[in-house]
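**Q** Structure for the following, please:
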Amino acid sequence: MPKILVTTVPFSTMDSRPIELLKARGFDFEVNPLGRKLKESELKEFVKDYDALIAGTEQISKAVLDGASRLKLISRVGIGLDNVDLLTAKSKGIRVAYTPDGPTQAVADLTIGMMLSLLRQVQLSNLQLRRGTWHRFFGRRLGNVTVGLIGVGRIGVEVLERLQSFNPRILVNDIVPKPQLNNRFNIEWVDKETIYKEADVISLHVPLTSKTKGLIGRKELEMMKPDALLVNTARGGIVDEADLYHVLQSGHLGGVALDVFEEEPYSGPLLEIERCLFTAHMGSMTIDCRNQMELEATEEVVRFFTGDPLKNEVPAMEYEIQAGV
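**A** Alright, predicted model coming up:
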């Protein structure tokens, strides 16, 4: 009987079906014994005796995989693959699946919420009121600004859907042309530099790859309007946090909302800057989306060990992206 290690946290706390499914199949499984995101060194020790991982965002590196002699499958709860060394997994014959549709709606919702919070300076008002200061901030309406989206994949398209009722000017950029979106949305396709210079709100919806790591650094930040707002619900590492800190310290940019960080949990210097709005990588953390992802990832494990084809195996394109093709 295969042994399954569930590393993602939380797991099956809001919906018991994933654990019930593993039990019903008689699988020998263990849920993350530490109850938090595992460090690379910890995962390297834990994974040795398991045939499959139901994984979260912990680092599944070459070092981890080199010590996982029994591992046959990684089933990722979520869509991001920057934490999985796909090329090493492939070389070892380890299959990788993910849940690409599960987090889409929830992340898009949070993105819009962050835009509105920054535009109305909710973060600053909350902090000042708690300190006894009653100050009414002037804000901006979403319909009166220019929004720039870098990346219009699954989540970016859902953000576009939600923006329609506000009717702002929308600038978009993506490495893959999607002319079909012009039939659905009133958008302008531009280069990234135009977004940096003209957008009042910039939102990132690209994966973390060798080509997007550090995509937004000091040069790009300083190209933005003095009161521009930046939202990142994609991946930490796309924005250079050190550069962001220095640019914000200089007084440039009206505010930043971050759900993702280079190192998580985050405890860096950006916490000093009050016009930053932070959430703890909870873009996908709505009850329905989280339950869907956990169940889909578990179902992939069942399919694999009962001989059925995987429904959401990571496509070849993702391996090519990691290889820099």
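
**Q** show me the contacts for Ser75.
**A** By C-beta atoms under 8 Å, 6 or more residues apart in numbering, the residues touching Ser75 are 52-55, 96-98, 297-298, 300-301, 304. For the C-beta atoms, the positions are set from N, CA and C on the backbone; glycine is no exception.

**Q** tell me which element it falls in.
**A** strand 73-76 (DSSP states H and E).

**Q** now Gln322
**A** Using DSSP H and E, the element containing Gln322 is helix 316-323.

**Q** Check Leu149 too.
**A** Assigned by DSSP H and E, Leu149 falls in strand 146-150.

**Q** could you say what helices and strands that strand packs with?
**A** Contact analysis of strand 146-150 by 3 or more C-beta pairs under 8 Å, 6 or more residues apart in numbering; DSSP states H and E lists helix 154-163, strand 169-173, helix 192-198, strand 201-204 as its packing neighbours.

**Q** now, of those, which is deepest in the fold?
**A** Among the helices and strands packed on strand 146-150, strand 201-204 has the highest mean neighbour count (mean count of other C-beta atoms under 10 Å), at a mean of 26.

**Q** ranges for the strands of this protein?
**A** 3-6, 28-31, 52-55, 73-76, 95-97, 146-150, 169-173, 188-189, 201-204, 229-232, 255-258, 276-278 (DSSP state E).

**Q** Let me see the ranges of the helices in this structure.
**A** 17-24, 40-46, 62-66, 86-91, 104-119, 122-130, 154-163, 192-198, 218-223, 241-249, 287-305, 316-323 (DSSP state H).

**Q** Can I get the strands of the chain in JSON lines including mean pLDDT and distance to Leu38?
**A** As requested, the strands of the chain are arranged in JSON lines below (pLDDT from 0 to 100; distance: least, C-beta to C-beta, whole Å):
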{"stretch": "strand 3-6", "mean pLDDT": "98", "distance to Leu38": "10"}
{"stretch": "strand 28-31", "mean pLDDT": "97", "distance to Leu38": "12"}
{"stretch": "strand 52-55", "mean pLDDT": "98", "distance to Leu38": "10"}
{"stretch": "strand 73-76", "mean pLDDT": "98", "distance to Leu38": "14"}
{"stretch": "strand 95-97", "mean pLDDT": "98", "distance to Leu38": "18"}
{"stretch": "strand 146-150", "mean pLDDT": "98", "distance to Leu38": "31"}
{"stretch": "strand 169-173", "mean pLDDT": "98", "distance to Leu38": "35"}
{"stretch": "strand 188-189", "mean pLDDT": "98", "distance to Leu38": "41"}
{"stretch": "strand 201-204", "mean pLDDT": "99", "distance to Leu38": "26"}
{"stretch": "strand 229-232", "mean pLDDT": "99", "distance to Leu38": "24"}
{"stretch": "strand 255-258", "mean pLDDT": "98", "distance to Leu38": "22"}
{"stretch": "strand 276-278", "mean pLDDT": "98", "distance to Leu38": "22"}
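
**Q** so which of those strands comes closest to Ser267?
**A** Closest to Ser267 of these is strand 276-278 (C-beta to C-beta; 10.9 Å).

**Q** Could you report the neighbour count for the closest residue to Ile287 other than its chain neighbours?
**A** Leaving aside its chain neighbours, Ile287 sits nearest to Met14 (5.2 Å; criterion: C-beta to C-beta, 6 or more residues apart in numbering). Met14 is flanked by 13 other residues according to other C-beta atoms under 10 Å.
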